[in-house]
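A.B. asks: fold the following for me, if possible:
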Amino acid sequence: MASFASSTLQKIFQIKIQILWIIVAILSVYFIYHLVLNAVRPSHGFASYYTASRLLIEGEDVADFYDDDWFASNVEKYVPGVYEI
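C.D. replies: You can find the predicted model right below:
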C-alpha cells in the first residue's frame, strides 16, 4: 500500500513539474515576443536622464530643469537632434 501511495505521489509530482515547464516555456515566448516588439521602437527618454545627470554634475539648480525651453536647449547641447522636455 505504501509503495502505491509513493508511486502516485511521484507521478503527481512529475506532472506538476511538467506543467511548470510548460508555463516557463509560454512565459519565455511571451517575453521574447514583447522584447522584439519593443526593441525596435525608439525611445528618447534616455536623453532627458542623461542631460539631467550631466546638469547635476555641473552643479545646475534642479528647479531650472522644469523650465522647458532651458532644459530643451540643454538636451540639444548634450544629445544633438533630440527634442525632449
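
A.B. asks: beyond the longest helix that the chain contains, next helix or strand please.
C.D. replies: The helix of greatest length in the chain, counted in residues with DSSP state H as the criterion, is given as helix 2-39. Towards the C-terminus, the helix or strand next in line after helix 2-39, according to DSSP states H and E, is helix 45-57.

A.B. asks: elements contacting that following helix?
C.D. replies: For helix 45-57, the helices and strands in contact under the criterion 3 or more Cβ pairs under 8 Å, 6 or more residues apart in numbering; DSSP states H and E are helix 68-78. All C-beta atoms are positioned from the backbone trio N, CA, C, and that covers glycine.

A.B. asks: now the helix it packs on: buried residues?
C.D. replies: Neighbour-count burial for helix 68-78, with 16 or more other Cβ atoms under 10 Å as criterion, is recorded at 71, 72, 74, 75.

A.B. asks: against residue 52, how distant is the first one?
C.D. replies: To tie it back to what came earlier, the one meant is residue 71. 8 Å (Cβ to Cβ, to the nearest Å).

A.B. asks: what touches both of those two?
C.D. replies: residue 65 (Cβ atoms under 8 Å, 6 or more residues apart in numbering).

A.B. asks: as CSV, the buried residues of helix 68-78 with pLDDT and distance to residue 8 would be great.
C.D. replies: Rendered in CSV, the data for those read as follows (pLDDT from 0 to 100; distance: Cβ to Cβ, whole Å):
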residue, pLDDT, distance to residue 8
71, 90, 67
72, 88, 68
74, 89, 69
75, 88, 65
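
A.B. asks: can you redo the residues you listed as CSV with distance to residue 38?
C.D. replies: Formatted as CSV, the entries for the buried residues of helix 68-78 read as follows, by distance: Cβ to Cβ, whole Å:
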residue, distance to residue 38
71, 26
72, 26
74, 28
75, 23
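
A.B. asks: farthest pair in those?
C.D. replies: For the buried residues of helix 68-78, the farthest-apart pair by Cβ to Cβ is 72 and 74; their separation is 7.3 Å.

A.B. asks: one step back: other SSEs contacting the longest helix of the chain?
C.D. replies: With contacts defined as 3+ Cβ pairs under 8 Å, 6+ apart, helix 2-39 has no packing partner among the helices and strands.
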